[in-house]
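give me coordinates for this.
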Amino acid sequence: MKAIKEERTLVLVKPDGVMRGLSGEVISRIEQRGLKVIAMKMVAIDRKHLEKHFPSDPEWVKGLGKKTMKTFDEYNIKALDHYESDDHAHIGAKVKESLFEYMSSGPIVAMVVEGIHSIDMVRKIAGDTLPVFAPIGSVRGDYSVDSPAVANVEGRAIKNIMHASETPEEAKNEIDLWFKKDEIHDYKRAGEDVAY
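Residues are numbered from 1 along each chain as shown. Predicted structure coming up:
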């Protein structure tokens with residue numbers, strides 16, 4: 001049970017979230033859920049750091065291109081009107097570049113969150129990565145209306161306020177990348193015994 005209670009995830013309030021003054025809202029929703037922030041800092045990151053954060057696997061990059069093409073198809077948008085090629089790998093590389101630009105466009109609030117099923121809980125708090133499909137009540141559903149169709153046509157990343165690790169393996173790798181061990185704190189929240 002201890003491992004479940006102490007599950008950790010990485011949360012990033014992305015530059016658009018910071019610039020819109022939503023860092024406190026994200027933290028508040030996490031803490032209201034009974035999870036605890038055990039590390040936090042505001043950072044400006046460079047490309048070198050982002051290259052470690054985002055997967056470099058060619059299949060992952062190609063997957064970005066496939067998702068973009070799917071969006072174009074759904075909205076009857078011609079890829080060749082916006083990209084020099086309709087090759088998935090080529091488009092994926094362009095999308096990844098837009099992610100680098102987005103994530104380095106301003107400061108980020110990075111935090112480690114701990115608690116019962118923190119990975120799934122934080123993703124539930126965040127809502128769908130595509131804000132247009134995020135339910136009302138989630139951070140993205142309440143504060144963003146951005147669409148992959150608009151973002152792809154404009155050649156930019158989707159502004160979706162926050163990032164949350166998707167799997168335990170991803171969470172561990174991301175926490176190790178963003179935080180040193182001595183930046184992570186162990187403490188007990190006053191309500192832990194009551195909540196669980």
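
how about residue 33, nearest residue that isn't a chain neighbour?
The spatially closest residue to residue 33, leaving aside those adjacent along the chain, is residue 121, at 5.8 Å (CB to CB, 6 or more residues apart in numbering). All C-beta atoms are positioned from the backbone trio N, CA, C, and that covers glycine.

next one: residue 61
residue 92 is the one closest to residue 61 (CB to CB, 6+ apart), at 4.0 Å.

and the one you found, which of the three is it?
helix (DSSP: H, G, I helix; E, B strand; the rest coil).

if we can go back for a sec, which parts of whichever strand or helix holds the residue nearest to residue 33 are buried?
According to DSSP states H and E, residue 121 maps onto helix 118-126. Within helix 118-126, the residues that count as buried by 16 or more other CB atoms under 10 Å are 118, 119, 121, 122, 123, 125, 126.

so what's the first one up against?
By CB atoms under 8 Å, 6 or more residues apart in numbering, the contact list for residue 118 reads 7, 8, 9, 35.

what does the last one give?
In this structure, residue 126 makes contact with 134, 138, 139, 140, 161, 162, 164, judged by CB under 8 Å, 6+ apart.

report the separation between the residue nearest in space to the middle of the chain and residue 13.
Nearest to the geometric centre of the chain sits residue 163, at 1.6 Å (CA atoms, centre = their mean). Distance of residue 163 to residue 13, computed by CB to CB, to the nearest Å: 8 Å.
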